[in-house]
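Student: sharing a sequence plus its predicted fold:
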Amino acid sequence: MSNSTQTVPFTGVGSDFMKLVSFVDNEKSTLIDFTATDFASLRAGLLNYMKLVYPLDYNNFVESDLGLMLVELVAYMGTVMSMKADMLAHENFLHTAKDRESIRKLFQLVGISMKGPTSAQATANLSIDGETGELDGTLTIPVANRVVSVISPQDQQPLNYSLYKATNGIVDYLTTYGADISFDQSNWFGDSSSIWEAVMLEGAFATQTGIFSNIDTAQSITLDEGPVIQNSVQVFVSGVNSTTSGSYRQVNNIYQASSTNDKIFQAVYLDNYKVKLVFGDGSNGKSPTPKSNYYVTYRVGGGTRGNTPDGFVNATLDGPTYDGDSSSVRVTQTQLATGGTGAETVAHAKKYGPLSFKQQDRLVSLEDYTAFASTYVGPAGTVGKAVASTRKAYSSANIIDIFILEKATDFQLQKASLSFKNGLLEAMSSKKMITDDVVLSDGLIRTLDLVMTIHVDKSLKGMESGIVAEVSQKIQKYFLSDKIDFGDSIVFSDLMRVVFETTEVRFSEVDNFKENILVDFNEVVQLNNLVINVSYV
């Protein structure tokens, strides 16, 4: 008798036995594996289910069979649906959410608004064309002629700057609506008697008028144009009720109203960085009277495209008057334009949003001071980065030192302007502990010149420029000002992990540093020059 065992394909003791078993409909659900979510588990679960429930109807489990193809298609769709469900679930929690819109809505539930784009600013000289002698009169620029238009060097599209007046280094952002600006001897540039000094803020003026709803409820206005520059909105209300008429000021959260008489509004960013203005409801802040008129001015633009070099703007304005006579005024940029950044990043919002909520509109701990200063939006719409500390000398523990820097671009920081510092101190004065004394100091910037070598396969010769560009972009994102904090040391092993995300790089090394870079608590590292060499293996 032969020792070989003869078998019939697709059969066995188990399968033959199952042919004698019949499942009623209400028991079939017990055979489903509800824990299966990936392709392999779903495929195996479907095949097991078919073998158990339909043993006599289908038993051709070979790769080339049409039935198996349909099983794998169902498993594929189940895997996609499972992934989508996981993604949707993740977007409901701040820690795992990645989509900007999801994070914006999560913060909106607790009264926190993500910041919009900020505008670049620079100083400029104003002079009357053809006039070189001493000018002792008054130069007046109507509100309709306060915008200078040039072509952006970044995208070759129109770029607008609005003119403002500064007094003793403090920019006058105009508390009244529809106002002209006037320059006299107090605004002369240095000792010059023929040139006035002004401030340029990137963005074009936009206005919107209308009538509030006749429903006595919380009023709101959706602005027509976008993107709206952060902190550029001014609102004036006029109506039959004098207590609700006048200028309204912007706050981060409408629930920060200190009384029912506060004339405040909150700017909530929507899709495409348009803005919805939300007013008080009578309990938290003053509610504008139904059917009263409103007048809104704001600036449209923002972002890095406004960061232009010294002398880039050189244009004329037609419409200003000098002592009542029409004049052609030349506007000349005299400073590098900085401060233009994109809207608040997801990383920044996820880090400081919970701290702002925890702060509860008061400043007690060092964490509160750091979070407030790092999320504060200056009068010109610019933002900063800060760290707070207490002095450790005898009885000076109530002196809070805040080291502050202002964002120049998305990648660079700079010393905070006098306007920014004054605005920050004023904003903190009503929220800090009465026994605390706040001292603002400039944070320290440690610039980093980085030289590194990436090793790639010799078969990739001729593709170096693309690989270097990708690596350079990843390194620059690693040094984003929103990601590098005060006191953060540079650990090169972490940087190498970022470089290795480029699949063409076999390995890499830093050439000009042998050890990690350690910094003090009030220092922040900023990438200056980056050189990437390529070696072949």
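Tutor: Structure's in. What do you need?

Student: got the domain ranges for the chain?
Tutor: Residue ranges for each domain of the chain read 13-90, 121-203+303-333, 206-300, 360-442, 445-536, as given by automatic domain parsing.

Student: so what's the nearest residue to residue 107 once chain neighbours are set aside scoring on pLDDT?
Tutor: In this structure, residue 107 finds its nearest non-sequential neighbour in residue 353, 5.2 Å apart by CB to CB, 6 or more residues apart in numbering. To be clear about C-beta, it is placed using only N, CA and C from the backbone, and glycine gets the same treatment. Residue 353 is assigned 87 on the pLDDT scale.

Student: for the helix or strand hosting residue 353, packing partners?
Tutor: Here residue 353, judged by DSSP states H and E, is contained in helix 346-359. Helix 346-359 is packed against helix 100-108, helix 366-375, with contacts defined by 3 or more CB pairs under 8 Å, 6 or more residues apart in numbering; DSSP states H and E.

Student: the nearest residue to residue 338 once chain neighbours are set aside: neighbour count?
Tutor: Distances taken as CB to CB, 6+ apart place residue 408 nearest to residue 338, at 3.9 Å, with adjacent residues excluded. By other CB atoms under 10 Å, 22 other residues sit near residue 408.

Student: check residue 408 and give its pLDDT.
Tutor: 89.

Student: one more: residue 55?
Tutor: Predicted confidence (pLDDT) for residue 55: 77.

Student: start at 391 instead
Tutor: All right, first residue 391 from here; so that's residue 445.

Student: most packed of the helices and strands packed on helix 736-749?
Tutor: helix 756-765 (a mean of 22; mean count of other CB atoms under 10 Å).

Student: so for that one, mean pLDDT?
Tutor: 92.

Student: now for that helix, which elements pack on it?
Tutor: Applying 3+ CB pairs under 8 Å, 6+ apart, we find helix 756-765 packed against helix 736-749, strand 774-780, strand 789-797, helix 808-819.

Student: off-centre distance for it?
Tutor: How far helix 756-765 lies from its chain's middle: 17 Å, per CA atoms, centre = their mean, to the nearest Å.

Student: in terms of pLDDT, where does residue 581 sit?
Tutor: 63.

Student: just residue 842 next, same as before
Tutor: With respect to pLDDT, residue 842 scores 94.

Student: for residue 542, see how far away it is.
Tutor: Residue 842 sits at a distance of 32 Å from residue 542 (criterion: CB to CB, to the nearest Å).

Student: what's the answer for residue 892, then?
Tutor: Distance, residue 892 to residue 542, using CB to CB: 30 Å.

Student: tell me where the stretch 541-690 of the chain has strands.
Tutor: Under the criterion DSSP state E, counting those that start in this stretch, strands of the stretch 541-690 of the chain are mapped to 548-557, 560-562, 571-573, 586-592, 594-601, 610-612, 624-628, 636-641, 654-659, 665-669, 683-690.

Student: state the mean pLDDT of the third one.
Tutor: Right, strand 571-573. On average, strand 571-573 scores 85.

Student: that strand: partners in the sheet, and parallel or antiparallel?
Tutor: Note on strand 571-573: by DSSP bridges, its sheet partners are strand 529-531 (antiparallel).

Student: what's the answer for the fifth one, then?
Tutor: With DSSP bridges as the criterion, the sheet partners recorded for strand 594-601 are strand 683-690 (antiparallel).

Student: what comes up buried for the strand it pairs with?
Tutor: 684, 685, 686, 687, 688, 689, 690 (16 or more other CB atoms under 10 Å).

Student: next one: stretch 528-540
Tutor: Residues 529, 530, 531, 533, 535, 536, 537, 538, 540 are the ones in stretch 528-540 that count as buried (16+ other CB under 10 Å).

Student: if you skip the residues just before and after it, what's nearest to the fifth one?
Tutor: Leaving aside its chain neighbours, residue 535 sits nearest to residue 709 (3.6 Å; criterion: CB to CB, 6+ apart).

Student: same check on the first one?
Tutor: Using CB to CB, 6+ apart and skipping residues adjacent in sequence, the residue nearest residue 529 is residue 573, 4.4 Å away.

Student: okay, stretch 637-647 in PDB with CA atoms only?
Tutor: Output of stretch 637-647 as PDB, limited to C-alpha atoms (Å, rounded to 0.1, in the frame of the first residue of the first chain):
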ATOM      1  CA  SER A 637     -16.000 103.300  17.900                       C
ATOM      2  CA  TYR A 638     -15.700  99.600  18.900                       C
ATOM      3  CA  ARG A 639     -12.400  98.000  19.800                       C
ATOM      4  CA  GLN A 640     -11.200  94.500  18.900                       C
ATOM      5  CA  VAL A 641     -10.600  91.800  21.500                       C
ATOM      6  CA  ASN A 642      -9.400  88.300  21.200                       C
ATOM      7  CA  ASN A 643     -12.500  86.900  22.900                       C
ATOM      8  CA  ILE A 644     -15.900  88.500  23.100                       C
ATOM      9  CA  TYR A 645     -16.300  86.900  26.600                       C
ATOM     10  CA  GLN A 646     -13.400  89.100  27.800                       C
ATOM     11  CA  ALA A 647     -15.800  92.000  28.200                       C
END
